[in-house]
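Visitor: I need the structure of the sequence given here:
(one chain, ligands or ions: 2)
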Amino acid sequence: LLLRISQPGVKLMIVILQPNADEQSPAYQKVMDYLRTLSDVTLQQHQVRGTEKTLTEIYLLGDTHKLDQAMIESFEAVERVIRIAEEYRILGRHSDQFRVSGFHYNGVEFSQDNCHIVAGLCAVDNPKNVETMLKALQAHGQVCTRMGAYKPRTNPYSFQGHGRDCLPWVFELAGKYGIKVIAMEVTHEKHIEEINEALHATGNPTGVMLQIGTRNTQNFELLKAVGRQRVFPVLFKRGYGVSLNESLNAAEYLASEGTSNVIFCLRGMKSSASSPHRNMVDAGQVPAVKRLTRMPVCVDPSHSVGTRERSSDQILDVAHAAAQGLVAGANMVLVDFHPDPAHALVDGPQALLMAELPKFLDDMQASHEFYQRRKNIWA
Ligand code: PEP
Ligand code: MN
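Guide: Numbering: from 1, shown residues only. Ligands and ions are numbered 1, 2, ... in the order given. Here you go, the predicted model:
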């Protein structure tokens, strides 16, 4: 089914039946009988199992533009009908506010309704720092982290990450401290296999979310390769120099190849106007991504702001940027911490300190709750 709907030129309409529709009922038979009379349209049935109800979706593939949406919606057994637009065919929301979003991975749910903090080291350096980080996360009830092993660097002489060599001990330590998901950038398709092998060799003590970095947003061959694997979800960074539309189309490459468990990350835009921040903070686009697509949305305040500066309110600009994302409805915060930023091998100047972790988590919790309250105000 996925292959069919990701084919160029295929037109698609989805008929969503009433929850827990009974296939024996006359109402169900009636709509199916009608749909079967349509010429140049192939029907495919698709079950979506939620926690409380099962949804039956009938995909209409083919010459669907001439079909009368309102007429199909008038059948008793039909809840609603969605016309799938050409853009972001699989990841798109297609103006349907009720479409399900998100996914479960390794026991953790990621959706457009919940929120995770993914704090950790920009780059793995040594076991001591990794363990200090993971231990602190566990102490604060966290199950996700970020750990970079493959680092794309501006300068070829800068530290490039420990690569595959560090994977076994990073995964074992993550397992030891109850971490379920590690966001880890891959810059080449062979890294997927290296991660897979290291997880197997260590007995799958944790899970990995493959990160696509901003520099690879439009590396379409890498995106296709990551899309073809069906094991790991993906944390996809927007491109720092292309439009939001171009970045969302790039994310769709993953889905078109088979991986639709994708989180979209806003990480700031390269612009001379961003100074004194490293990039122009783009947290204001969180609602736009949630409206256009079904992807949970992440913000990365560390790579947006890029410094540990704070204003007279004593709140770090990084924390402000993260809170701005959450108050706007973001579902994840990817943030750099380090036990000893002065000696971090990558991005030390923007890392938060271990002592700041409880305050940061508190602030994020409060910001997410404030968003929930705002939703009630506007309901
Ligand atoms: C990172 O998260 O470590 C990173 C390199 O980010 P970006 O691709 O957004 O620059
Ligand atoms: Mn970094």
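
Visitor: contacts, neighbours, all on C-alpha from now
Guide: Will do.

Visitor: residue contacts, His116?
Guide: By CA atoms under 8 Å, 6 or more residues apart in numbering, the contact list for His116 reads Phe110, Cys144, Asn331, Met332, Val333.

Visitor: got it, and Phe360?
Guide: With contact taken as CA under 8 Å, 6+ apart, Phe360 is in contact with Ala319.

Visitor: one more time with 10 Å, if that's ok
Guide: With contact taken as CA atoms under 10 Å, 6 or more residues apart in numbering, Phe360 is in contact with Ile117, Ala119, Ile315, Leu316, Val318, Ala319, Ala322, Ala323, Leu352, Leu353, Met354, Ala366.

Visitor: one more: Lys135?
Guide: Lys135 is in contact with Asn129, Gln142, Leu173, Ala174, Lys176, Tyr177, Gly178, Ile179, counting by CA under 10 Å, 6+ apart.

Visitor: SS state for the second one?
Guide: The reference is to Gln142. Classification of Gln142 by DSSP: H, G, I helix; E, B strand; the rest coil places it in coil.

Visitor: from what I can see it touches Val108, true?
Guide: No - here Gln142 lies out of contact with Val108, judged by CA atoms under 10 Å, at a distance of 11.0 Å.

Visitor: I'd like to know how far Gln69 sits from Arg80.
Guide: To Arg80, Gln69 is 9 Å away according to CA to CA, to the nearest Å.

Visitor: ok, now Ser271?
Guide: 43 Å.

Visitor: can you add pLDDT and give the contacts of His116 back as CSV?
Guide: Formatted as CSV, the contacts of His116 follow (pLDDT from 0 to 100):
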residue, pLDDT
Phe110, 97
Cys144, 98
Asn331, 98
Met332, 98
Val333, 98
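
Visitor: what parts of the stretch 101-250 of the chain come near ligand 1?
Guide: Neighbours of ligand 1 within the stretch 101-250 of the chain, by CA under 6 Å from any ligand atom: Cys122, Gly213, Thr214, Arg215, Lys237.

Visitor: which one of the contacts of Lys135 has the most neighbours?
Guide: For the contacts of Lys135, the largest number of neighbours (other CA atoms under 10 Å) sits with Ala174, at 26 neighbours.

Visitor: buried stuff in the helix or strand harbouring that residue?
Guide: Assigning secondary structure by DSSP states H and E places Ala174 in helix 167-176. Neighbour counts using 16 or more other CA atoms under 10 Å place Leu167, Pro168, Trp169, Val170, Phe171, Glu172, Leu173, Ala174, Gly175 of helix 167-176 among the buried residues.

Visitor: helices or strands up against it?
Guide: Here helix 167-176 touches helix 127-139, strand 144-147, strand 181-185, helix 190-201, strand 207-212, going by 3 or more CA pairs under 10 Å, 6 or more residues apart in numbering; DSSP states H and E.

Visitor: Asn245 - that's part of a helix, no?
Guide: Yes - counting by three-state DSSP, Asn245 is found in a helix.

Visitor: ok, it to ligand 1 distance?
Guide: Taking CA to the nearest ligand atom, to the nearest Å as the measure, Asn245 falls 17 Å from ligand 1.
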